[in-house]
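> Below: sequence and its predicted model.
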Amino acid sequence: MIELKSKEQLGRMRKAGRIVAETLELMRKMVAPGVTTEQLDRAAEDYIGKCNAIPAFKGYNGFPATLCTSINEEVVHGIPGLRALKSGDIISIDCGAIIDGYVGDSAITLPVGEISRELQNLLAVTEESLRCGIAQALKGNRLFDISYAIQTYVEENTMSVVRDYVGHGIGRKMHEEPQVPNFGKPGRGPRLEVGMVLAIEPMVNLGGYQVETLENQWTVVTKDRRASAHFEHTVAITENGPEILTRIEG
């Protein structure tokens, strides 16, 4: 069952989304060669705590950290640790926070120092594919209109979308119905209604779409070990179009 959020609930989700957006802005300023993913994680947890919020990922199904930090060929669910970032890397940072009983969820992929033109293009295509998906998050559209827009843009740019991991509904729980695939045919799936809130999150690979999970049972990597990028926003369907809840306005 897909829960439609009231105006009051959306107000709480805006608050959670803003904390996530501010945390990711902090990460954007910190990411540099020599910084470890553990340092990023500690700073994110400190900031979320100062906002009187709770890290949404830490302890979720046993995940051990506040952030998911996924470097280069790592797609999602990378575990922060002592690995130091190097110039030429890319890092995907996924962050969630809970406040007043509601969850915000967002992800960005950042360059570390100077990166190749190929990686610059990967980041640009992935972020633009998210924008294409959000543009279809309109009252009356079908869920797979979002999926189709993302897949079409990515494949026009000769990259691939991950099939095994998808976006999701979000609210009082981090993962609610419906699932939001990044692939599929338009005109299918539930009709979008005012009050739906979706975490739309294309994961885009330079090579094939196949992925596998490392021995730590968390970190997902591309099967061909080529690079992957991930962008995500929590988005509400409103009478006036999609509202991005995890973006700092102004």
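Everything's here; your move. Numbering: from 1, shown residues only.

> Going by C-alpha atoms from here, please, whenever you check contacts or count neighbours.
Fine.

> what are the phi and psi angles of Ala229?
Note on Ala229: backbone dihedrals following degrees, to the nearest 10 are phi -130, psi 160.

> give me the beta-bridge partners of it?
Val204 (DSSP bridges).

> Okay, it and Leu122: tell me how far apart.
7 Å (CA to CA, to the nearest Å).

> and the helix ranked longest in the chain, what other elements does it pack with?
Assignment by DSSP state H gives helix 7-30 as the longest helix of the chain. Packed against helix 7-30, as judged by 3 or more CA pairs under 8 Å, 6 or more residues apart in numbering; DSSP states H and E, are the following elements: helix 37-50, strand 90-99, strand 102-111.

> Flag the shaky bits of the chain, pLDDT-wise.
Applying pLDDT under 70 to the chain picks out residues 250.

> cutoff 80 now
Where the chain drops to pLDDT under 80, the residues are 249-250.

> The helices and strands packed on helix 7-30: which one's closest to Leu82?
For Leu82, the closest of the helices and strands packed on helix 7-30 is helix 37-50, at 5.9 Å, according to CA to CA.

> What helices and strands are in contact with the closest one?
Contacts defined by 3+ CA pairs under 8 Å, 6+ apart place helix 37-50 against helix 7-30, strand 54-55, strand 67-71.

> what about 10 Å?
In terms of contacts (3 or more CA pairs under 10 Å, 6 or more residues apart in numbering; DSSP states H and E), helix 37-50 is packed against helix 7-30, strand 54-55, strand 67-71, strand 90-99.

> Give me the sheet partners of the second one and which way each runs.
Strand partners for strand 54-55, identified by DSSP bridges, are recorded as strand 90-99 (antiparallel).

> Next, the angle from the longest helix of the chain to strand 102-111.
Helix 7-30 and strand 102-111 are oriented at 30 degrees to each other (axes from the mean of the first three to the mean of the last three CA atoms, to 10 degrees).

> Can you get me a residue count around Glu8?
By other CA atoms under 10 Å, the residues close to Glu8 number 9.

> tell me the SS of His168?
Following DSSP: H, G, I helix; E, B strand; the rest coil, His168 is assigned to strand.

> wait, doesn't it sit right on Glu177?
Yes: counting by CA atoms under 10 Å, His168 touches Glu177, with 6.3 Å between them.

> Between these two, which contacts overlap?
Residues touching both His168 and Glu177 (CA atoms under 10 Å, 6 or more residues apart in numbering) are Val197, Leu198.

> returning to that earlier point: mind listing what's buried along the longest helix of the chain?
The neighbour-count check on helix 7-30 (16 or more other CA atoms under 10 Å) flags 9-10, 12-24, 27-28 as buried.

> So for Ile79, which of the helices and strands packed on helix 7-30 sits nearest?
Comparison of these against Ile79 by CA to CA identifies helix 37-50 as nearest, at 8.2 Å.

> export that closest one as PDB, just CAs?
Output in PDB follows, covering the C-alpha atoms of helix 37-50 (Å, rounded to 0.1, in the frame of the first residue of the first chain):
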ATOM      1  CA  THR A  37      35.900   7.800   4.500                       C
ATOM      2  CA  GLU A  38      35.800   7.200   8.300                       C
ATOM      3  CA  GLN A  39      36.500  11.000   8.800                       C
ATOM      4  CA  LEU A  40      33.600  11.800   6.500                       C
ATOM      5  CA  ASP A  41      31.300   9.400   8.400                       C
ATOM      6  CA  ARG A  42      32.300  10.900  11.800                       C
ATOM      7  CA  ALA A  43      31.600  14.400  10.600                       C
ATOM      8  CA  ALA A  44      28.200  13.400   9.100                       C
ATOM      9  CA  GLU A  45      27.100  11.700  12.300                       C
ATOM     10  CA  ASP A  46      28.200  14.700  14.400                       C
ATOM     11  CA  TYR A  47      26.300  17.100  12.200                       C
ATOM     12  CA  ILE A  48      23.100  15.000  12.200                       C
ATOM     13  CA  GLY A  49      23.300  14.700  16.000                       C
ATOM     14  CA  LYS A  50      23.700  18.500  16.300                       C
END
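
> Cool, thanks, talk later.
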